[in-house]
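Chemist: just to be clear, the model below is a prediction. Sequence and coordinates:
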Amino acid sequence: MLLTVLLAVVASPGPAPVDWLQQLKAEPFEQSRPKAVIIQTREFAASTAISLYETRSTNETGTRQSVWHARREVRTGDERTIAWTSTASCAPLFSVVVALERLALPHVELRQPPVDQFPTPAPVMGALHQTHLVWVTAWDSGNAPVQLTLESPGSGPPKQIYDLIDAQLSDCW
């Protein structure tokens, strides 16, 4: 019985990416909420979330300026490691913001064609037990606010954007 309980505790993957997203969306920095959250969750291993914040201020000449901040949180079991960077100390961070703004959204196709109709083999789904999630606040062409959430098992645009951010900011933490 004790062994069963211990195995259940060890095998527990922790909070689901969507639960973690809700926590991070509410995490303020200088009275602002994140503009984007990118999460990589790996079952039975560390999970990483990167949250992006924008702060605005007016300098001595009266010019408004923005500074972007990135918060990286790595969770391993009950342990959390948090690191921060900003465009003031990490030039690639602004490129990450631009890349998120240029993120190509997937084409919505509700009817999945039969496997024999694929002109090429079915897409590779990526590493097993790995999930990527991207959440962003955005504005449509009419300036109406929207929130977008993309989640994929192992591959696809959320993994691509996570890999890009992880690579570009690797020297900034």
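Modeler: Cool, the structure landed.
Chemist: drop to CA atoms for contacts and neighbour counts, all remaining ones
Modeler: Will do.
Chemist: can you list the residue ranges for helices in this protein?
Modeler: 2-11, 17-25, 92-101, 157-168 (DSSP state H).
Chemist: what residues of the last one count as buried?
Modeler: Under the neighbour-count criterion of 16 or more other C-alpha atoms under 10 Å, helix 157-168 has Pro157, Pro158, Lys159, Ile161, Tyr162, Leu164, Ile165, Asp166, Gln168 buried.
Chemist: what's the separation between the fifth one and His132?
Modeler: In other words, Tyr162. Counting by C-alpha to C-alpha, to the nearest Å, the gap from Tyr162 to His132 is 7 Å.
Chemist: same check on the third one?
Modeler: Using C-alpha to C-alpha, one gets 5 Å for the distance from Lys159 to His132.
Chemist: what is in contact with the two at once?
Modeler: Gln40, Ser152 (C-alpha atoms under 8 Å, 6 or more residues apart in numbering).
Chemist: residue contacts, the residue most central in space within the chain?
Modeler: When C-alpha atoms, centre = their mean is applied to the chain, the residue found nearest the centroid is Ile38 (0.5 Å). Shown in contact with Ile38 (C-alpha under 8 Å, 6+ apart): Ala49, Ile50, Ser51, His132, Leu133, Val134, Trp135, Pro158, Tyr162.
Chemist: let's go with 10 Å and repeat that
Modeler: 17, 21, 24, 48-52, 72, 132-136, 149-151, 158-159, 161-162, 165-166 (C-alpha atoms under 10 Å, 6 or more residues apart in numbering).
Chemist: spatially nearest residue to it (excluding sequence neighbours)?
Modeler: Val134 (4.5 Å; C-alpha to C-alpha, 6 or more residues apart in numbering).
Chemist: identify the residues contacting stretch 131-148?
Modeler: 16-18, 21, 25, 34-43, 47-52, 100-101, 105, 149-163.
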